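Student: please find the sequence and the predicted model below.
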Amino acid sequence: MTVFTIQEVARRSGLSEPTLRYYEDVGLIGPIDRDAQSGHRRYQNADVDTLEALACLRAVGVGIGDMRTYLANRARGREAAGEQRDLLLRHAERIEAEIAAQQARLRYLREKAALWDARDRGDEAAEAATIERLVDVVDGLGALR
């Protein structure tokens, strides 16, 4: 049986050592086995698999509460498949909203750059057209505030 140190698990999962200890403290994983002599944590393959899943969830902004729900659903298997799907889709919708907000911000920056480009070139027609587009973009930003 392969066992891993906390440093090895941190490298494999991308989670910091304090995060690994925190996840154990809040009960997301573990309790993790300890070396009888040193008392250092010794992770099993199943612990690493769980932590890699948690690292992915963390990377997409899933909080501790939903991580806990995810793990509970995962343990329940097919019985919880619908709940698991709904949880993941809820986060997918959150990310879609974040992407839409970032796209609105990007459009604003590009239109502002286009405005200043038109001014730099002395192109009054392009400047006027950019101002019209910019009004729509700014209206879109208002919804984000």
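Tutor: Received it, and whenever you're ready, just let me know what you need.

Student: so what's the spatially most central residue of the chain up against?
Tutor: For the chain, residue 60 is the residue whose C-alpha lies nearest the centre (CA atoms, centre = their mean; 2.0 Å). Contacts here follow CB atoms under 8 Å, 6 or more residues apart in numbering; on that basis residue 60 touches 91, 95. Every C-beta, even on glycine, is put in place using the N, C-alpha and C of the backbone.

Student: what do you get for the one 4 residues further on?
Tutor: Shown here is residue 64, whose contacts under the criterion CB under 8 Å, 6+ apart are 26, 28.

Student: tell me the domain boundaries of this protein?
Tutor: 3-76, 94-143 (the TED database).

Student: deepest of these, which one?
Tutor: Neighbour counts (mean count of other CB atoms under 10 Å) averaged over each of those peak at domain 3-76, with a mean of 15.

Student: circling back to that earlier point, among the domains of the chain, which is nearest residue 88?
Tutor: domain 3-76 (8.0 Å; CB to CB).

Student: gap between the closest one and the chain center?
Tutor: Distance of domain 3-76 from the chain centroid (CA atoms, centre = their mean, to the nearest Å) equals 17 Å.

Student: can I get the domains of the chain in TSV including distance to residue 84?
Tutor: Output for these, formatted as TSV (distance: least, CB to CB, whole Å):
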stretch	distance to residue 84
domain 3-76	4
domain 94-143	16
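
Student: any chance of these in CSV, with distance to residue 88 and mean pLDDT too?
Tutor: Below are those laid out as CSV (distance: least, CB to CB, whole Å; pLDDT from 0 to 100):
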stretch, distance to residue 88, mean pLDDT
domain 3-76, 8, 97
domain 94-143, 11, 94
